[in-house]
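# task: produce atomic coordinates for the following.
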Amino acid sequence: MKHWLYLMAMLLALGLGTHLHAQTDPTSFDVAIEAPDDVRPTLEQHLDLYRYRGLDDISAPELDRLMRQAEANARDLLATLGFFSPQVRVQRAAQTSDAARPTVQVQVTPGAPTVVSTVQIDFTGAVTAAEPDTDPRARILAQWSLATGRRFTQNDWDSAKQQALRLLAQERYATAQIASSQADIDPATQQAALHLTLDSGPAYNLGKVEVTGLQRYDALLVQRLARLQEGAPYSQRELVQAQQRLADSGFFDSAYVALDTASDPQAARVEIQLRETPLKKVVLGIGASTDRGPRLTLEHTHHRLPGLGWRAVSQVQLERDNRLIGTELTSPPDDDNWRWVASGLLQNQLLGTRDVTSEQLRGGRQQRQQRIDRNIYLQYDRAQSINSSTAETDVAQSLSANYAFTVRYYDQLPFPASGWAWAGEIGAGTTLGSQPQGYTRWLTRWQGFWRPTSGADAAATQTGRGRLSMRAALGAVVAREETALPSTQLFLAGGDNSVRGYALNTIGVTLPDGSLAGGRYLGTASIEWQQPLRIKGQLSAWEGVAFVDVGAVANRPEDLTPSTGVGVGARWNSPVGPLQIDLAYGLEVRRLRLHVTLGFTF
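Model (predicted):
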């Protein structure tokens, strides 16, 4: 009897164990979401049931639990998109066989979206007593992004609040914060009433600047680079620009500029933390381009020459058709950010079909600012040109006084998508020798980006719409016909950043002996369509382009005959700068030419 009882107990345990094992047998499942296109991506990305579908260790009870939670999970997700009265149904689909994976159907009807019915923005703090010309409240209200009549979403609500807070905090009110915010949703009417209160806190003025991290440089250099005036109203933009100037100066490996908001708001302390670069630096560079071939550079920098205190940058560069050695001395900036500059350059290069060895000495002053650079200088040029076909040698010298400027209004660097830049050079001088001759030289360049987007559709800048890139250059040397000018003062065109489809410096003046030389007049222009590319439905860092370039060089304006290049290419916003790959066809030379460049310059 005992044996029978023991056997029955064993069978019962085995049966119960088998039953329990069947109930907890791991499985995997599929999810089918039936929903409109504007909500399906959010459900596929954040719905717990959908994210767990690929796991093979989900038990049957766990799947049932996920299905019970899926409806509430879907409703919460739809609410963030502005749908507060959706219809959600979660059920198992009928299986075609016992071996088939179970499929869970999620059927969603979002209903009418919620729209913003009213917006109320209140302010507290010192901003309520602001002078009209410094009061940011009108600008905050004018730029409020979630206006009445717009569809309400949680992301848009959060973004609108943060944008309003940034506009308040970026000028004067460094400790501004959101005092309260409420979105009152009425699911019955699909309307949202928004209420936001911003507390500006006190208005801040800049106090004394405290600098840490200096060993070899003095605080006066830092103050002249930062250009932060004691007593000036606090501006986040000014502090960021001061930090950028310090970082770009070359004297510091890192720079951090911050306002001490715990100090007296009427004279808040400005903290500048610095880490100096080594006093001396040597950089070896290796590169290549389709214009110039392989390139090897060696650069030595001494940030503070003994006895002078100026920075010295010396460089040796070796390329296929260009070899140079030079040095530049730059003084520390004065109170207006002007610096004295002196430089010398010895260079051998191929200009047209002429082998040109040149020397250049320059001395003057330069000023570099956030948007505008200026340069005033005297320059001596000497060039010895050897005609590669006749071996005839020409030597010319000149001395000139020059002014140059560059104005930049790009939206961002080094990947501009809109904005423009303009540069100009003008000089007057005389040739040197037995019969000096006066001359003037000027060159102007322009570049602009334009996207065909209306002001009301400014968000299209992030939706992948294309844009036009345009550039142009005009130059002239005005002198008597018999004036012998250094070859380096004349113009040539062609190459990666000029007229594509033609090799570097191959558009010039053809002389009677068949050689190619620089000319006194230059004109180039380019128009390019740049189209962002999508990969698997997502905007990528690549763009496709199509372009037309034209350019001409001559010794007389009436002899300017344009050379044209057309082509297509690609752009990649790489981690080290924009990569430009172009395949161009030169209509006059009837040849295809590949152009590859890295980096953005103007």
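# name the nearest residue to E392, sequence neighbours excluded.
Leaving aside its sequence neighbours, E392 sits nearest to I386 (Cβ to Cβ, 6 or more residues apart in numbering; 7.3 Å). Every residue, glycine included, has its C-beta placed from N, CA and C.
# against S487, how distant is that neighbour?
Applying Cβ to Cβ, to the nearest Å, the value for I386 to S487 is 10 Å.
# so if I had to pick from the two, which one is more boxed in?
The residue with more neighbours, out of I386 and S487, is S487; 22 against 14, by other Cβ atoms under 10 Å.
# my guess is that one contacts L351. True?
Yes - using Cβ atoms under 8 Å, S487 is in contact with L351, at 5.4 Å.
# which residues are in contact with each of those two?
385, 517-518 (Cβ atoms under 8 Å, 6 or more residues apart in numbering).
# now the helices: where do they sit in the chain?
For the chain, the helices defined by DSSP state H cover 2-23, 40-46, 48-51, 60-80, 137-142, 154-169, 219-226, 236-248.
# rewinding a little: who wins for neighbours among the shared contacts of S487 and L351?
G518 (25 neighbours).
# ok, now which ones touch the residue lying closest to V127 once chain neighbours are set aside?
Residue nearest to V127 in three dimensions, not counting chain neighbours: S200, with 3.7 Å by Cβ to Cβ, 6+ apart. Going by Cβ under 8 Å, 6+ apart, S200 touches 123-128, 168, 172-173, 176.
# is it possible to mark the buried ones in those residues?
123, 125-127, 168, 172-173, 176 (16 or more other Cβ atoms under 10 Å).
# need the residues you listed in JSON lines with distance to W450 and pLDDT, can you?
Output for these, formatted as JSON lines (distance: Cβ to Cβ, whole Å; pLDDT from 0 to 100):
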{"residue": "F123", "distance to W450": "37", "pLDDT": "95"}
{"residue": "G125", "distance to W450": "41", "pLDDT": "94"}
{"residue": "A126", "distance to W450": "41", "pLDDT": "94"}
{"residue": "V127", "distance to W450": "37", "pLDDT": "94"}
{"residue": "L168", "distance to W450": "32", "pLDDT": "94"}
{"residue": "R172", "distance to W450": "35", "pLDDT": "93"}
{"residue": "Y173", "distance to W450": "35", "pLDDT": "95"}
{"residue": "A176", "distance to W450": "35", "pLDDT": "95"}
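# which two of these have the greatest separation?
Farthest-apart pair in those is F123 and R172; separation 12.8 Å (Cβ to Cβ).
# below-threshold pLDDT in the stretch 451-600 of the chain: ranges please.
Residue ranges of the stretch 451-600 of the chain with pLDDT under 70: 453-463.
# now with 90, please.
For the stretch 451-600 of the chain, the stretches with pLDDT under 90 are 451-465, 482, 511-515, 534-540, 574-577, 597-600.
# okay, strands next: where are they in it?
Assigned by DSSP state E, counting those that start in this stretch, the stretch 451-600 of the chain shows strands spanning 467-478, 509-510, 516-517, 521-535, 538-554, 563-574, 577-586, 591-598.
# tell me the contacts of R320?
Taking Cβ under 8 Å, 6+ apart, we find R320 in contact with 292-294.
# and it, how far is that from D37?
R320 is 55 Å from D37, by Cβ to Cβ.
# E588 now?
Plainly put, E588 is 51 Å away from D37 if you go by Cβ to Cβ.
# just checking, D30 touches Q105?
No - between D30 and Q105 there is no contact under Cβ under 8 Å: 9.6 Å.
# if we can go back for a sec, so which of the strands of the stretch 451-600 of the chain is the most packed in?
strand 516-517 (a mean of 21; mean count of other Cβ atoms under 10 Å).
# now tell me what touches that strand from outside.
By Cβ under 8 Å, 6+ apart, the list of residues contacting strand 516-517 from outside reads 351-354, 385, 487, 490, 506, 508-511.
# partner strands of that strand and their direction?
Here strand 516-517 is paired, per DSSP bridges, with strand 509-510 (antiparallel).
# got a list of what R150 touches?
115-116, 156.
# try 10 Å this time
By Cβ atoms under 10 Å, 6 or more residues apart in numbering, the contact list for R150 reads 82, 113, 115-116, 119, 156, 160, 192.
# same thing with A493?
A493 makes contact with 473, 475, 499, 502, 504-508, 518-519, 522-524, 549-553, 562-563, according to Cβ under 10 Å, 6+ apart.
# against V356, how distant is it?
16 Å.
# please apply the same query to V550.
For V550, the distance to V356 equals 26 Å [Cβ to Cβ].
# okay, and the beta partners of the nearest residue to S314 once chain neighbours are set aside?
Nearest residue to S314, sequence neighbours excluded (Cβ to Cβ, 6+ apart): T327, at 4.2 Å. On the basis of DSSP bridges, T327 is bridged to S314, G344.
# what about T327, neighbour count?
The number of residues packed around T327, counting by other Cβ under 10 Å, is 14.
# ok, P557 next?
Neighbours of P557 under the rule other Cβ under 10 Å: 11.
# ok, the nearest residue to it once chain neighbours are set aside - contacts?
Of all residues not flanking P557 in the chain, Y521 sits nearest, at 5.5 Å (Cβ to Cβ, 6+ apart). For Y521, the contact set (Cβ under 10 Å, 6+ apart) comprises 474-478, 490-491, 509, 552-560.
# next step: the contacts of R150 restricted to strands.
115-116, 119, 192 (DSSP state E).
# next, format those as JSON lines and append neighbour count and pLDDT.
Shown next, in JSON lines, are the ones in strands among the contacts of R150 (neighbours: other Cβ atoms under 10 Å; pLDDT from 0 to 100):
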{"residue": "V115", "neighbour count": "15", "pLDDT": "88"}
{"residue": "V116", "neighbour count": "21", "pLDDT": "92"}
{"residue": "V119", "neighbour count": "17", "pLDDT": "94"}
{"residue": "A192", "neighbour count": "24", "pLDDT": "90"}
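# closest one of those to W310?
V119 (57.5 Å).
# quick one: the closest one from S200, how far?
Taken as Cβ to Cβ, the span from V119 to S200 is 19 Å.
# same question for L511.
Using Cβ to Cβ, L511 is found at 71 Å from S200.
# go on, I581?
Distance, I581 to S200, by Cβ to Cβ: 50 Å.
# over to L165?
10 Å.
# again with L399
L399 sits 59 Å away from S200, going by Cβ to Cβ.
# with P41 instead?
38 Å.
# could the shared contacts of S487 and L351 be laid out in TSV, adding distance to T301?
Shown next, in TSV, are those (distance: Cβ to Cβ, whole Å):
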residue	distance to T301
S385	33
A517	36
G518	32
